[in-house]
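Q: Next input, structure requested:
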Amino acid sequence: QVQLVESGGGLVQAGGSLRLSCVASGRTFSTSAMGWFRQAPGKEREFVAAIDWSGQSTYYADSVKGRFTVSRQNSKNTVYLQMNMLKPEDTAIYYCTADTLTRTVQAGLGEYWGQGTQVTVSS
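A: The predicted model follows:
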């Protein structure tokens, strides 16, 4: 069993930055792919970024490429999402997800999900 807890959300002005963290419990973190999804009001949940178990391969949605960076620190059971040059359209609840396979995470079919953290970007 893996539990995921996100933090780091908040209110920021357009052009600003935030760093989200997701701390995982359980001994399988270092062998799990991790990902971030987001869901804005009235919209479907969408893929943001993913990272493989080693941290060597990362994947991004086109809408965040060049602005967001996903990373992980296995010694701390933590995955991060550094968000720069934030835009009002980045406003959403951001969720952390985990699974054995990176492609499963990318597809939004991860076995484990956190409760989410709210990110609000004002114009």
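Q: what about the strands in the protein?
A: Taking DSSP state E as the test, the strands found in the chain are 4-7, 10-13, 18-24, 33-39, 46-51, 58-60, 68-73, 78-83, 92-99, 112-113, 117-122.
Q: Out of those, the one nearest Val105 is which?
A: strand 33-39 (3.9 Å; C-beta to C-beta). In short, each C-beta sits where N, CA and C put it, glycine included.
Q: Just give the closest residue to Gln82, not the sequence neighbours.
A: Thr69 (4.4 Å; C-beta to C-beta, 6 or more residues apart in numbering).
Q: neighbours around the one you found, how many?
A: If you count neighbours by other C-beta atoms under 10 Å, Thr69 ends up with 16.
Q: Ok, the one 5 residues further on next?
A: For Asn74, the number of neighbouring residues by other C-beta under 10 Å comes to 15.
Q: Show the contacting residues for the residue nearest to it when sequence neighbours are not counted.
A: Residue nearest to Asn74 in three dimensions, not counting chain neighbours: Ser30, with 4.2 Å by C-beta to C-beta, 6+ apart. Contact partners of Ser30, counting by C-beta atoms under 8 Å, 6 or more residues apart in numbering, are 53, 74, 77.
Q: Please determine how far the last one is located from Phe37.
A: From Asn77 over to Phe37 the distance is 19 Å, taken as C-beta to C-beta, to the nearest Å.
Q: All good on my end, thank you.
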